[in-house]
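# give the three-dimensional model of this entry:
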Amino acid sequence: MIDWQIEQLSGRAIDKIDKLLLTPLRLGVAQLLYLQRVPHHAAINTSVELIEHRASGRGFVNAILRTLSRKGPEAEPDSTTDPVRRLAILGNVQDWFARRLLMQYGFDRSLAILSQTLEEPPITVRTNRLRMTAEGLQTLFEQRLMAARIHPRRPTALLVDDWSSPVHEWPGYGEGFFSVQDAAAQAVTPLLHPQVDAIYLDACAAPGGKSLHLAELTDDRASIDATDIDSVRLERLKQSIDRLGLTSIQCQVGDCRQLLTDARHTGIMLDAPCSGSGVIRRHPEIKWLLNEDDLSAHPEQQISLLTSLAARLPKGGTLVYAVCSLFREEGPDLINRFVATHCDFVQEAIVESLPDSGDDGHWAVRLTRR
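Coordinates of the predicted model:
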């Protein structure tokens, strides 16, 4: 809404306005539109004064804000005449982002998805079943006056709606009773059908939520190789392994396409690098940092990773591919591309979550090699 008004009043696309002017301008428009207790002249003067040593910039911002103050906001486009722009305004996303969602989900579903991403999400934790029950953890939280409820679809997950301290200070954190992980991500690891004494590879593991979950589901009795190119994020996984008291995970820094290339893993998990469009309620900066060219580039990296890992999977082995994305190019369309050229792989199960469910956006599939 704010950027729409700026574009209409200035006659310029938002990306054509000097970034040094944009923040004071957005601040002024927000105050004029939404803060009724702030006098218009004060809102305008504050924004203008934020622009130092830029006479032309001051005049530009002053003119736009005074026009808005005098004439009121411009009429917004409606969903009939311009559904893309309408969705972009209501969902606070770029036009290309809105257009792609519309193509996949239609206006009403897209609006429901984006509306949910504008809400502050709860923190979701996964109970470490080796040390605690969900009911026991809920009681522990409630004793500290934390509002916690068991997730309606994931019995080991707790939704924490009210907290006053950082997670590392929560009761049970130091004892390894839980890990932070959204319920949608918690649905991915069970697709492997985890088995005790099996050998697994988590190919893009850091920061490690799925590796940790896999260790818990196998009673810490499987062998799990966790690889990642980011040594800093992999160090966080090592810290979590120690905190949860797990022994079945071995960490290696490097590109999974070049490490552990033998065919000893009967199960492989690829939580592939992606757009992150499914987690924008937790990382709203993605909506503005991501561009359409990025979305075109991700599938090529994803198919490269998938093809390399599939080549080392033995017959009867299972590969789980997952992305936290809303876009088909990174999920079902990509897997259809892969299966079309790898006839020995079959899709056996799919889990999908969209933000209008209350969880993050995730898409995952289990592939088995025949």
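
# who touches the spatially most central residue of the chain in this structure?
The chain has Val279 as the residue nearest its centroid, 2.0 Å off, counting by Cα atoms, centre = their mean. Val279 is in contact with 182, 286, 324, 360-361, counting by Cβ atoms under 8 Å, 6 or more residues apart in numbering. Placement of C-beta: from N, CA and C, glycine included.

# need the residues you listed in JSON lines with secondary structure and pLDDT, can you?
Conversion of these to JSON lines gives the following (DSSP: H, G, I helix; E, B strand; the rest coil; pLDDT from 0 to 100):
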{"residue": "Asp182", "secondary structure": "coil", "pLDDT": "96"}
{"residue": "Ile286", "secondary structure": "helix", "pLDDT": "94"}
{"residue": "Cys324", "secondary structure": "coil", "pLDDT": "97"}
{"residue": "Asp360", "secondary structure": "coil", "pLDDT": "96"}
{"residue": "Gly361", "secondary structure": "coil", "pLDDT": "97"}
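
# the helices in this protein, which residues?
Secondary structure of the chain (DSSP state H): helices located at 2-10, 19-34, 40-49, 55-71, 83-91, 95-117, 134-143, 183-186, 209-217, 231-244, 286-289, 292-311, 332-341.

# out of these, which comes closest to Ala157?
Ranking the helices of the chain by proximity to Ala157 (Cβ to Cβ) places helix 183-186 first, at 4.7 Å.

# need the contact partners of the closest one.
So helix 183-186 is in contact with 124, 126, 151, 153-154, 156-157, 159, 209-210, 213, 278, 324, 353, 357, 359-362, going by Cβ under 8 Å, 6+ apart.

# about what we covered before: next, format the helices of the chain as JSON lines and append mean neighbour count.
Shown next, in JSON lines, are the helices of the chain (neighbours: other Cβ atoms under 10 Å):
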{"stretch": "helix 2-10", "mean neighbour count": "19"}
{"stretch": "helix 19-34", "mean neighbour count": "18"}
{"stretch": "helix 40-49", "mean neighbour count": "16"}
{"stretch": "helix 55-71", "mean neighbour count": "16"}
{"stretch": "helix 83-91", "mean neighbour count": "20"}
{"stretch": "helix 95-117", "mean neighbour count": "19"}
{"stretch": "helix 134-143", "mean neighbour count": "16"}
{"stretch": "helix 183-186", "mean neighbour count": "26"}
{"stretch": "helix 209-217", "mean neighbour count": "25"}
{"stretch": "helix 231-244", "mean neighbour count": "16"}
{"stretch": "helix 286-289", "mean neighbour count": "15"}
{"stretch": "helix 292-311", "mean neighbour count": "16"}
{"stretch": "helix 332-341", "mean neighbour count": "15"}
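
# break this protein into its domains for me.
Following automatic domain parsing, one gets these domains for the chain: 2-117, 123-180, 184-369.

# and of the contacts of Val279, the nearest to Glu74?
Taking Cβ to Cβ as the measure, Glu74 sits nearest to Ile286 out of those, at 27.8 Å.

# wait, Val188 touches Glu352, no?
No - at 10.8 Å, Val188 does not count as touching Glu352 under the criterion of Cβ atoms under 8 Å.

# out of the helices of the chain, which is closest to Ala272?
Closest of the helices of the chain to Ala272 is helix 292-311, at 4.6 Å (criterion: Cβ to Cβ).

# got the contact list for the closest one?
Contacts to helix 292-311, defined as Cβ under 8 Å, 6+ apart, come from residues 96, 100, 201, 203-204, 256-257, 268, 270, 272-275, 319, 321, 323, 327, 329-330, 333-334, 337-338, 342, 345, 367, 369.

# and with 6 Å instead?
Helix 292-311 is contacted from outside by 96, 203, 257, 268, 270, 272, 274-275, 329-330, 334, 338, using Cβ atoms under 6 Å, 6 or more residues apart in numbering.

# so of those residues, which two are at opposite extremes in space?
Farthest pair in those (Cβ to Cβ) is Trp96 and Ile268. Separation: 32.9 Å.

# neighbours of Asp15, how many?
Neighbour count for Asp15, taken as other Cβ atoms under 10 Å: 10.

# hmm, I typed the wrong one, I wanted Ser179.
Ser179: 21 neighbours (other Cβ under 10 Å).

# same question, the one 3 residues further on
The criterion is other Cβ under 10 Å. On that basis, Asp182 has 28 neighbouring residues.

# now it, nearest residue through space, not along the chain?
Of all residues not flanking Asp182 in the chain, Asp360 sits nearest, at 4.4 Å (Cβ to Cβ, 6 or more residues apart in numbering).

# count of neighbours near the one you found?
As a burial measure, Asp360 scores 24 neighbours (other Cβ under 10 Å).
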